[in-house]
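Chemist: kindly generate the corresponding structure for this input.
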Amino acid sequence: MPAPADRQLTVGGPGALLDLNGPATLGFQATAGRRLTVLAQRRTLTAVDNTDLTIVRDGRTVAEGTLIVTWAGVSVDFTAPADGSYTVRINPRTTKDRGTLLVSLVGATTGTLIPRGPARKITIGRPGERAFLTFPAKAGQHLTVVARRGTLSKDEYTNLDIRGPSGELNTSGAVGYESDYRTLDFDVNETGRHTIEINPDTDRTGTLTVQLTGSVTAVLAPGKPARIAFAQPGERAYVTFRAVEGEQFRLTVRPETLTTGSNTLVKVRTPAGLDVVDATLTAAKPTVALAFSSSEGTYTIEIDPEGLDTGTLAVDLRRLPTPS
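Modeler: Below is the predicted model of the structure:
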């Protein structure tokens, strides 16, 4: 029989074990702006066809998801649009499916980060839980989110979305099978409070450490070598220099104390933001020399250690004789 319409879920409370032989409904209360997840997990429910979940308020669909035949569970994430009562509708697509389905309502972990501040440990304590970290940023900043796996399972992805103050997606990525960390570089387009959403791809629980790093800036004078220091894992460097039309340059970059666990990318960009030359520092090739000609304006050298390497790099920019 369908579950009684008045059967209520509570955030973080025990799930409702439904013995399905057709459609079922559950209710819950929510306040506007609260981030929630409805998690449905197979227990003995057969998988002849998919099972649809729809979250409804005042007859309008708020969110929906599908428990696919090859999945053990599905999470439906949403932000409550208003205070009041909500309904979860569970609809098996065939009457042949029988068995139990555990449905629960989970909240979200929240917190803050500070650019160049300490790392924050996030605990996903319940299946289906997400985490939201906010941070202030100004337009034009170059920032990097560094996420390191703690006890979260390596069997599945942990997704990360970075959104601006208006809710638009800036960049996204995941800590996955291939590594125990992920760095996400992004440029801030809008001043205000930004949000990182952390969403494990399954119903696993565990920990993840997240840190927000900035960028190193410097001004380089041709003929005067400089040392660039990366103090925090995930930092990038933006080194600028002035050039005039038709000058010839050679840029040499080599590590001093920079660790070489991962590659380091080096790019030279024109005043218009176009790449002129680029190269990669590797353990096998720790020094690069790039030759290029210039136009009038300020050039930018971007240096990006791809991993979590820290230390110093030597950067030497030399003018070359102009061909007669």
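
Chemist: ok, residues contacting the host helix or strand of Leu143?
Modeler: For Leu143, the host element (DSSP states H and E) is strand 142-149. Applying CB atoms under 8 Å, 6 or more residues apart in numbering, the external contacts of strand 142-149 come out as 115, 119, 137, 158, 160, 162, 175, 180-188, 196, 198, 208-215, 233-236, 238, 308. Using the backbone N, CA and C atoms, a C-beta is placed for each residue, glycine as well.

Chemist: now the residues you listed: which count as buried?
Modeler: By neighbour count, with 16 or more other CB atoms under 10 Å, these hold 115, 119, 137, 158, 160, 162, 175, 182-186, 188, 196, 198, 208, 210-215, 233-236, 238, 308 as buried.

Chemist: in strands, which of the contacts of strand 142-149 appear?
Modeler: Among the contacts of strand 142-149, the members found in strands (DSSP state E) are 137, 158, 160, 162, 175, 181-187, 196, 198, 208-213, 215, 236, 238.

Chemist: what's the spatially most central residue of the chain in contact with, if anything?
Modeler: Here the mean C-alpha position of the chain is nearest to the C-alpha of Leu160 (CA atoms, centre = their mean), at a distance of 2.7 Å. Going by CB under 8 Å, 6+ apart, Leu160 touches Val145, Ala147, Ser172, Gly173, Ala174, Val175, Arg182, Leu184, Ile196, Glu197, Ile198, Asn199.

Chemist: burial measure for the nearest residue to the fifth one once chain neighbours are set aside, as a count.
Modeler: In space, Ala174 comes closest to Tyr157 once its chain neighbours are excluded; the distance is 4.2 Å by CB to CB, 6 or more residues apart in numbering. The number of residues packed near Tyr157 is 18, by other CB atoms under 10 Å.

Chemist: ramachandran coordinates for Tyr157?
Modeler: Dihedral angles of Tyr157 (phi, psi; degrees, to the nearest 10) stand at phi -80, psi 150.

Chemist: I'd say it and Val175 touch.
Modeler: Yes. Using CB atoms under 8 Å, Tyr157 is in contact with Val175, at 6.9 Å.

Chemist: quick check: domain ranges of this structure?
Modeler: 8-106, 108-213, 216-320 (automatic domain parsing).

Chemist: would you format the ones you listed as TSV with mean pLDDT included?
Modeler: Formatted as TSV, the domains of the chain follow (pLDDT from 0 to 100):
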stretch	mean pLDDT
domain 8-106	95
domain 108-213	93
domain 216-320	94
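
Chemist: neighbours around Pro321, how many?
Modeler: 6.

Chemist: please, which helix or strand holds Phe132?
Modeler: strand 130-137.

Chemist: between that strand and strand 142-149, how big is the angle?
Modeler: Angle of strand 130-137 versus strand 142-149, following axes from the mean of the first three to the mean of the last three CA atoms, to 10 degrees, is 150 degrees.

Chemist: check which helices and strands strand 130-137 sits against.
Modeler: Counting contacts by 3 or more CB pairs under 8 Å, 6 or more residues apart in numbering; DSSP states H and E, strand 130-137 is packed against strand 35-42, strand 108-112, strand 120-124, strand 192-200, strand 206-213.

Chemist: so Asn159 makes contact with Ser172?
Modeler: Yes. Assessed by CB under 8 Å, Asn159 is found in contact with Ser172 at 7.0 Å.

Chemist: so the two - more neighbours on which side?
Modeler: Legend: neighbour count by other CB under 10 Å for Asn159 and Ser172, higher for Asn159 (17 against 13).

Chemist: show me the contacts for that one.
Modeler: Contacts of Asn159 were listed using CB under 8 Å, 6+ apart, and they are Ser172, Gly173, Ala174, Glu197, Ile198, Asn199, Pro200, Asp201.
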